[in-house]
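K.L.:
Task: produce atomic coordinates for the following.
(4 chains)
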Number of protein chains: 2
Amino acid sequence: MADVARQAEVSIKTVSRVVNDEEGVRPQTAAKVRAIIETLGFHRHEGASMLRKGRSTSIGLIVEDLGNPWYSQLAASMEREARSRQHFLLSVSAEGLPEREAELVDALVARRVEGLVVVPASSIPSEAIRRAALQLPVVCVDRPLPGLHADTVLSDNDGGTRSAVEHLAAHRHQHLGFLGDDAAIWTAQRRHTAFVQSYDSLGLPGRPRTALGPYAAGEVSDILQEWCSGTAPVTAVLTSNNRVTLAVIVAVRTLGLDLVVVGYDDFELAEFLDPPITVVHQDPAALGERAVQQIFARLDGDDAEPRTLVLPTRLIVRGSARRAARIGEGRSGDRARHTAS
Amino acid sequence: MADVARQAEVSIKTVSRVVNDEEGVRPQTAAKVRAIIETLGFHRHEGASMLRKGRSTSIGLIVEDLGNPWYSQLAASMEREARSRQHFLLSVSAEGLPEREAELVDALVARRVEGLVVVPASSIPSEAIRRAALQLPVVCVDRPLPGLHADTVLSDNDGGTRSAVEHLAAHRHQHLGFLGDDAAIWTAQRRHTAFVQSYDSLGLPGRPRTALGPYAAGEVSDILQEWCSGTAPVTAVLTSNNRVTLAVIVAVRTLGLDLVVVGYDDFELAEFLDPPITVVHQDPAALGERAVQQIFARLDGDDAEPRTLVLPTRLIVRGSARRAARIGEGRSGDRARHTAS
DNA sequence: GCGTTGTCTGACAACGATGTCAATCGTTAT
DNA sequence: ATAACGATTGACATCGTTGTCAGACAACGC
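P.N.:
Numbering: from 1, shown residues only, chains lettered A, B, ... in the order given. A predicted model of the protein is given here:
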């Protein structure tokens, strides 16, 4: 900036004014400065600006795995939303490890991100995130952190789960199974509970069969095989997220099971699988957008009590309805076939 | 830091030494300082550190769309690799627009990223990226920027395309089609050229049928329908990336075409589609890792001439081989059926 | 001509950390 | 006891930018 000032024969301050589009600079002076900036290829040093202004114009995001499409859609929408306010997004993967998450929180706070969005790896707020929440806006997405003074954006797990169970029941599935991801993941627990409640309130027979991870290699297959044998075989399963859905699809295809699968989280091509997979769609892009908007609202001075926002889910029915109906109609025969196997 | 120094009754400089694990601090002094740091919850201000040291410990990544699994895998692997050297990754989507890409290059340079990885939106280097390449290491991934003084990491487009065409020819497919993405995308062009060359060198009959995007809505369907009718219908198509593969799968299923699809870019569940999709697998994670390693090598003082690294691809055969053989055996019958339609 | 107003510009300090270099301390050798 | 040495520690300037405040300058009314 000093170089520009020298060449333009003005003070550093004037250059600063031009760079920041501040008013009170004579147009011809501004034009001259701008010309020099162009020729020298000058860029303001954001680090220094950050230091002086005390603002970093960036937001942090901590998720489990940026390679997972669900998270990458979240990150993509947040990046878009952040950029609409000239902010950058620093996204990092904590790999589901609470201690790594804590490290990353500290690292992002050290970078003076203006806000922090977290998809918590555990249900207990770390010391690091408690400290963070005291000095900058923190938003939990997808999973809450009870006891943390922070905004939260969730999707409607109870409603989503219920819609899936009701859908299956309406198509005469009586014996349902639920396969959740790692029990440490809040959504897995929550959807598990909602599944059992829906099962009971619909008066489905017997007790619901459920499992929670983490699963050893081949364990999903074993569980499904067991559920599908015996006197009251399961005819449909609900999964708690895209990772489990994938494992179930693999198992179903490998074992050749006749099983309707309803997945949590939509995924590309679900429509073209055999059988097509009905899913509970939750919109990660919408979650991300709202989270960033929440951060900006706080930065703009909103200091109301922490809010929890619950976004609706949508059941996307794909083929399984038809197939379910078929099974329902010929149920006794089907059951006979199952018990025989 | 001043607060810590006051409480610990040492100078700011000593605190700095402790924070940076510099040697020459008496263990008991260091312990005392560390204790105060803990109680005060002090974090070094990275912006200030950045300013003084002239380094930002961050790397920039510009891609087309972070929501696309291919790019998100690239970003995820880069983030992992960058973090192994204590660096953060600033990833942004340029949405395929060269002018936005140029803006983002400037914004990242202003943030003083130490290196910049770009998946170029066009084949012509912008002024912005030329300037950037003069002051920091730039690496092009997936697509080169001819004339730019920068390292490049590509995957073997010629080899990958050839392996796909040879695979199809070996299974008696004689009439092949190629559907490329937007002609502005370098890989689409390159794979197109390689497709035509392979087609010729294998002595396949007639002229290869090819198309390049961008495609209007429904255009892919129209093209496929045309290729599959007439006297020498196409029996297999190769696509140039995951986006086109998706469009082709939708068209094939919607129109009920009997067409073998080989896709560029692997994707989850490709195995379980009907028909299963054979793909040319290129490893975005490996590309990202090498790109970041290249950046660090340059930062470590490597000033050799720009290098181009070409990573191998792998043909993942899934079912289409069997199906192709079947078509090959009953070719005349098949052709009759096709011409009849 | 002179004070007054308002516009434009510049000098300077400060943001928080670190490199440089000098000062201080505790040891050891004499 | 004292000089000499290495191990610790601290004072200060500095990185590039922006907020504060005062100075310079032109235009205006009297």
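K.L.:
Tell me the pLDDT of the residue in chain A that DNA strand D sits nearest to.
P.N.:
Using CB to the nearest atom of the strand, the single residue of chain A nearest to DNA strand D is A:Met1, 2.6 Å away. C-beta coordinates here come from the backbone N, C-alpha and C atoms, glycine included. Per-residue pLDDT puts A:Met1 at 89.
K.L.:
That one and A:Arg17 touch, don't they?
P.N.:
No: look at A:Met1 against A:Arg17 with CB atoms under 8 Å: they stay out of range, at 11.1 Å.
K.L.:
ok and the helix or strand encompassing A:Tyr71 relative to helix B:69-83, angle-wise?
P.N.:
Assignment of secondary structure by DSSP states H and E places A:Tyr71 within helix A:69-83. Relative orientation of helix A:69-83 and helix B:69-83, computed by axes from the mean of the first three to the mean of the last three CA atoms, to 10 degrees: 80 degrees.
K.L.:
circling back to that earlier point, what's the burial count for the residue of chain A closest to DNA strand D?
P.N.:
17 (other CB atoms under 10 Å in any protein chain shown).
K.L.:
what stretches of the stretch 51-200 of chain A score poorly on pLDDT?
P.N.:
Along the stretch 51-200 of chain A, no part satisfies pLDDT under 70.
K.L.:
Just want the residue of it that's nearest DNA strand C.
P.N.:
A:Arg52 (3.5 Å).
K.L.:
how would you label that residue: helix, strand or coil?
P.N.:
helix (DSSP: H, G, I helix; E, B strand; the rest coil).
K.L.:
got it, and the one 10 residues further on?
P.N.:
Of the three states, A:Ile62 takes strand according to three-state DSSP.
K.L.:
Nearest residue to it in space, ignoring adjacent ones along the chain?
P.N.:
Spatial nearest neighbour of A:Ile62, excluding adjacent residues (CB to CB, 6 or more residues apart in numbering or on different chains): A:Val118 at 4.8 Å.
K.L.:
how much space between that neighbour and A:Gln135?
P.N.:
Noted for A:Val118: a distance of 15 Å to A:Gln135, by CB to CB, to the nearest Å.
K.L.:
Same drill for the two, tell me which one is more crowded.
P.N.:
In this view A:Val118 and A:Gln135 are compared by other CB under 10 Å, and A:Val118 has more residues nearby, 29 against 12.
K.L.:
what sits against that one?
P.N.:
Going by CB atoms under 8 Å, 6 or more residues apart in numbering or on different chains, A:Val118 touches A:61-62, A:101, A:105, A:129, A:138-141, A:145.
K.L.:
next one: A:Asn157
P.N.:
Contacts of A:Asn157 by CB under 8 Å, 6+ apart are A:187, A:190-191, A:194, A:313.
K.L.:
Return the closest of the residues you listed with respect to chain B.
P.N.:
Nearest to chain B out of those is A:Thr313 (CB to the nearest CB; 19.3 Å).
K.L.:
just to confirm, which helix or strand has the residue lying closest to the closest one once chain neighbours are set aside in it?
P.N.:
Closest residue to A:Thr313 in three dimensions, ignoring its sequence neighbours and counting by CB to CB, 6+ apart: A:Gly160, at 3.5 Å. Assigned by DSSP H and E, A:Gly160 falls within helix A:157-170.
K.L.:
and whatever helix or strand comes next after that helix, how far from the chain's centre?
P.N.:
As assigned by DSSP H and E, the chain's next helix or strand after helix A:157-170 is strand A:176-182. Relative to the centre of its chain, strand A:176-182 is centred 19 Å away, using CA atoms, centre = their mean, to the nearest Å.
K.L.:
Stretch A:225-235 too?
P.N.:
With CA atoms, centre = their mean, you get 33 Å for stretch A:225-235.
K.L.:
Now that stretch: average pLDDT?
P.N.:
86.
K.L.:
Endpoints of that stretch, how far apart?
P.N.:
With CA to CA, to the nearest Å as the measure, stretch A:225-235 spans 11 Å from end to end.
K.L.:
I'd assumed A:Leu116 was in a strand, is it?
P.N.:
Yes: counting by three-state DSSP, A:Leu116 is part of a strand.
K.L.:
any idea how far A:Arg83 lies from B:Ala102?
P.N.:
Distance from A:Arg83 to B:Ala102, by CB to CB: 15 Å.
K.L.:
ok, the two, which is more surrounded?
P.N.:
B:Ala102 (21 against 18).
K.L.:
List the residues that contact the more buried one.
P.N.:
Here B:Ala102 is in contact with B:126-129 (criterion: CB under 8 Å, 6+ apart).
K.L.:
Give the other helices and strands that the helix or strand where A:Ala35 lies contacts.
P.N.:
Here A:Ala35 sits within helix A:27-40, counting by DSSP H and E. Packing partners of helix A:27-40 (3 or more CB pairs under 8 Å, 6 or more residues apart in numbering or on different chains; DSSP states H and E): helix A:2-8, helix A:12-19.
K.L.:
could you pull out the helices for chain A?
P.N.:
Listed in chain order, the helices of chain A (DSSP state H) span residues A:2-8, A:12-19, A:27-40, A:46-53, A:69-83, A:98-110, A:127-135, A:157-170, A:186-201, A:219-227, A:242-255, A:284-299, A:320-329, A:331-340.
K.L.:
now the fourth one against helix B:46-53, angle please.
P.N.:
Comparing the axes of helix A:46-53 and helix B:46-53 via the same axes, to 10 degrees yields an angle of 120 degrees.
K.L.:
which residues touch helix A:46-53?
P.N.:
A:56-57, A:112, B:45, B:47-48, B:50-51, B:56, B:110-112.
K.L.:
hmm, back to that, hmm, the helix holding A:Ala35 in reach of DNA strand C?
P.N.:
Yes: counting by CB under 7 Å from any atom of the strand, contacts between helix A:27-40 and DNA strand C involve A:Thr29.
K.L.:
residues from the stretch 201-341 of chain A in reach of chain B?
P.N.:
Contact residues (CB under 8 Å from any CB of the partner chain) of the stretch 201-341 of chain A with chain B: A:246, A:249-250, A:253, A:267-269, A:272-274, A:285.
K.L.:
Repeat the analysis, applying 10 Å as the threshold.
P.N.:
By the rule CB under 10 Å from any CB of the partner chain, the part of the stretch 201-341 of chain A lying against chain B is A:242, A:245-246, A:249-250, A:252-254, A:267-274, A:277, A:284-285.
K.L.:
Narrow the residues you listed to just the buried residues.
P.N.:
Buried members of these, counted by 16 or more other CB atoms under 10 Å in any protein chain shown: A:242, A:245-246, A:249, A:252, A:267, A:269-273, A:277, A:284-285.
K.L.:
Report how many residues lie close to the closest residue to A:Val63 other than its chain neighbours.
P.N.:
Spatially, and ignoring its direct neighbours in sequence, A:Val63 is nearest to A:Tyr71 (4.3 Å; CB to CB, 6+ apart). Using other CB under 10 Å, A:Tyr71 has 23 neighbouring residues.
K.L.:
can I assume A:Tyr71 is in contact with A:Val117?
P.N.:
No: applying CB atoms under 10 Å, one finds A:Tyr71 not in contact with A:Val117, separated by 11.3 Å.
K.L.:
Now the common contact residues for the two.
P.N.:
A:61, A:63, A:91, A:141, A:288 (CB atoms under 10 Å, 6 or more residues apart in numbering or on different chains).
K.L.:
Neighbours of the residue lying closest to the first one once chain neighbours are set aside, how many?
P.N.:
Closest residue to A:Leu61 apart from its sequence neighbours, by CB to CB, 6+ apart: A:Ser91 at 4.3 Å. Counted with other CB under 10 Å, residues neighbouring A:Ser91 total 28.
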